[in-house]
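Colleague: just the structure for this:
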Amino acid sequence: MCSPLLPVSNKIRSLLPSDFNSILKVINDAAQAYKGVIPGDRWKEPYMSAEELKGEIEAGVRFFGWVEGGRLLGVAGIQALKDTTLIRHAYVLPGCQRRGIGTRLLEYLIDLAETPEILIGTWADASWAIRFYEKHDFKLVSSTEKDRLLRTYWNIPERQIETSVVLRITSSF
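Modeller: Take a look at the predicted model:
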């Protein structure tokens, strides 16, 4: 369980190779929210394997985390690709949600972005995630644009493209 939200100071930091297992735990614990929501053929346990996380890091995803009392409570990744920035794998431990951790991580990564366009992909049936990003001024793109963006910037199967959405924000870079 998490305590009430404390001030931001020294809470967000770049995650290190030594944080690998903690990153994986946050992602897999938080991703349980998708079980029974996303299409059954897209669900697996663990939701993200160690090999998949390693591949994401090798592909250039840089992870940042919210740490309190030496414990990683939330993670979010950022990846610069071509002419855009992707926010990747943003998760907060279930008992620590609704404390502003996700908001602060998202704002931190938006500030780090080196391109005006920032994209986020998520499951079409993850209505809570879509609402969260829309609350932070991200806008859903059209279905045609979503397909184009997912094929251009993500390395995911066609079935995941069919069952996902993309949200976009243009920062005042």
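Colleague: for residue 30, grab phi and psi.
Modeller: Main-chain dihedrals, residue 30, degrees, to the nearest 10: phi -70, psi -30.
Colleague: how close does the residue nearest to it when sequence neighbours are not counted sit to residue 158?
Modeller: If the residues on either side of it in the chain are set aside, residue 30 comes closest to residue 91, at 3.6 Å by CB to CB, 6 or more residues apart in numbering. C-beta coordinates here come from the backbone N, C-alpha and C atoms, glycine included. Residue 91 sits 25 Å away from residue 158 when distances are taken as CB to CB, to the nearest Å.
Colleague: quick one on the thing from earlier: by contact count, what packs against the helix or strand where the residue nearest to residue 30 lies?
Modeller: Per DSSP states H and E, residue 91 falls inside strand 84-92. Judged by 3 or more CB pairs under 8 Å, 6 or more residues apart in numbering; DSSP states H and E, strand 84-92 is in contact with helix 20-30, strand 71-81, helix 101-112, strand 117-123.
Colleague: would you turn the ones you listed into CSV with mean pLDDT and mean neighbour count?
Modeller: Output for these, formatted as CSV (pLDDT from 0 to 100; neighbours: other CB atoms under 10 Å):
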stretch, mean pLDDT, mean neighbour count
helix 20-30, 98, 19
strand 71-81, 97, 21
helix 101-112, 96, 18
strand 117-123, 98, 20
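Colleague: let's have these in CSV, adding distance to residue 139.
Modeller: Converted to CSV, the helices and strands packed on strand 84-92 look like this (distance: least, CB to CB, whole Å):
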stretch, distance to residue 139
helix 20-30, 24
strand 71-81, 19
helix 101-112, 14
strand 117-123, 11
